[in-house]
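Novice: When you get a sec, could you give me coordinates for this:
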Amino acid sequence: MLRTISHIGNSYGVTIPKEIIDKLHLTAGTQVDVQLDEETDRIVIKPVATKGEYQSIDAEFASQVSDFIEKYRPALKELAK
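Specialist: Okay, the predicted model is just below:
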């Protein structure tokens with residue numbers, strides 16, 4: 001999947017496709033390790049948690065929470081003020 005590097009403050013970023021986020025059960029705030037594989041000139045991004053750690057979260061529940069947050073994001077932002 002092609003992505004474009006964006007300028008974010010003094011850094012740069014790239015979005016991760018939802019399909020990958022869902023497959024790995026990642027959420028906003030998940031820590032990742034970013035490394036450069038100098039032999040292949042590839043950027044490698046790996047979740048810090050081991051697969052067993054985040055697999056313990058029920059995927060259906062995590063999906064429901066994510067859907068809820070997306071649906072009510074404006075209201076949640078107002079409540080956070």
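
Novice: Just the strands from this structure, written as ranges.
Specialist: Along the chain, counting by DSSP state E, strands occupy 6-8, 11-13, 32-37, 42-47.

Novice: Including distance to residue 61, mean pLDDT and mean neighbour count, could the ones you listed go into JSON lines?
Specialist: For glycine as for every other residue, the C-beta is placed from the backbone atoms N, C-alpha and C. Listed next are these as JSON lines, based on distance: least, Cβ to Cβ, whole Å; pLDDT from 0 to 100; neighbours: other Cβ atoms under 10 Å:
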{"stretch": "strand 6-8", "distance to residue 61": "30", "mean pLDDT": "93", "mean neighbour count": "9"}
{"stretch": "strand 11-13", "distance to residue 61": "28", "mean pLDDT": "94", "mean neighbour count": "9"}
{"stretch": "strand 32-37", "distance to residue 61": "22", "mean pLDDT": "94", "mean neighbour count": "10"}
{"stretch": "strand 42-47", "distance to residue 61": "19", "mean pLDDT": "92", "mean neighbour count": "11"}
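
Novice: Identify whichever of those lies nearest to residue 25.
Specialist: Between residue 25 and the strands of the chain, the tightest spacing by Cβ to Cβ is seen for strand 42-47, at 9.0 Å.

Novice: about what we covered before: do you know which of the strands of the chain lies nearest residue 68?
Specialist: Among the strands of the chain, strand 42-47 comes nearest to residue 68, with 22.7 Å by Cβ to Cβ.

Novice: Within the sheet, what are the partner strands of that closest one, with directions?
Specialist: strand 32-37 (antiparallel) (DSSP bridges).

Novice: right, and the strands of the chain - which one's nearest residue 24?
Specialist: Closest among those, using Cβ to Cβ: strand 42-47, at 6.3 Å.

Novice: hey, C-alpha coordinates of that closest one in PDB?
Specialist: Extracted in PDB, the C-alpha atoms of strand 42-47 (Å, rounded to 0.1, in the frame of the first residue of the first chain):
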ATOM      1  CA  ARG A  42      13.900  -0.500   4.800                       C
ATOM      2  CA  ILE A  43      12.200   1.100   7.700                       C
ATOM      3  CA  VAL A  44      10.900  -1.500  10.200                       C
ATOM      4  CA  ILE A  45       8.100  -0.600  12.600                       C
ATOM      5  CA  LYS A  46       7.300  -3.100  15.300                       C
ATOM      6  CA  PRO A  47       4.900  -2.900  18.200                       C
END
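
Novice: Cool, thanks, talk later.
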